[in-house]
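Student: Next one to model:
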Amino acid sequence: MKTLFLTLAFSVAAFGTNPVINGQTIFSDSAPTLTECGTSPIVATGGTSNGATITIGTDSTRPGAPTEGIRSCTLTFATAFTNPPVVGLSVLFLRGTTCTIGLLSTTVMRVNCDANMSGQKFSFVAF
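Tutor: Here you go, the predicted model:
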């Protein structure tokens, strides 16, 4: 199993007390809004448009319906970026699952996976 660790370090001396990258004051805005992420998805405490851990909600498929489950999650950033951000994505579930960023703009990011994400987690950073 391959693991990717992404470490970001910012120097206050280099960026000032309120660093701005790509039109955003780093880690100072609200959490992104989640849509199509299951029933009652959660953004971990402290999450912002620059980074968060997302817990996908439960699958609310009605009885008798096809059970493909939740295969995507759309995040709307609390503050728009000046340009589409560079994003790092870490999937914290289902060994062998492939997840990709299917849509990325200055205001929205959509994560698509090839397995049911219901109740699982992923983390991202965006700058």
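
Student: Only the buried residues of stretch 21-28, if you could.
Tutor: Residues 21-22, 24, 26 are the ones in stretch 21-28 that count as buried (16 or more other C-beta atoms under 10 Å). C-betas here are computed from N, CA, C, even on glycine.

Student: What is the most widely separated pair among these?
Tutor: Using C-beta to C-beta, the buried residues of stretch 21-28 span at most 9.5 Å, a distance reached by Asn22 and Ile26.

Student: Need the overlap of contacts for the two.
Tutor: Residues touching both Asn22 and Ile26 by C-beta atoms under 8 Å, 6 or more residues apart in numbering: Phe127.

Student: those helices in the protein, which residues are they?
Tutor: For the chain, the helices defined by DSSP state H cover 12-15.

Student: Based on its surroundings, how many neighbours for the nearest residue to Ser40 once chain neighbours are set aside?
Tutor: Closest residue to Ser40 apart from its sequence neighbours, by C-beta to C-beta, 6 or more residues apart in numbering: Gly57 at 4.7 Å. Applying other C-beta atoms under 10 Å, we find 19 other residues in the vicinity of Gly57.

Student: same check, this time on Met117
Tutor: 29.

Student: shouldn't Thr76 be in contact with Ala31?
Tutor: No. Taking C-beta atoms under 8 Å as the definition, Thr76 is not a contact partner of Ala31, at 10.3 Å.

Student: Show me which of those two is the more surrounded one.
Tutor: For Thr76 versus Ala31, the count of surrounding residues by other C-beta under 10 Å is larger for Ala31: 18 against 15.

Student: list the contacts for Ser105?
Tutor: Pro84.
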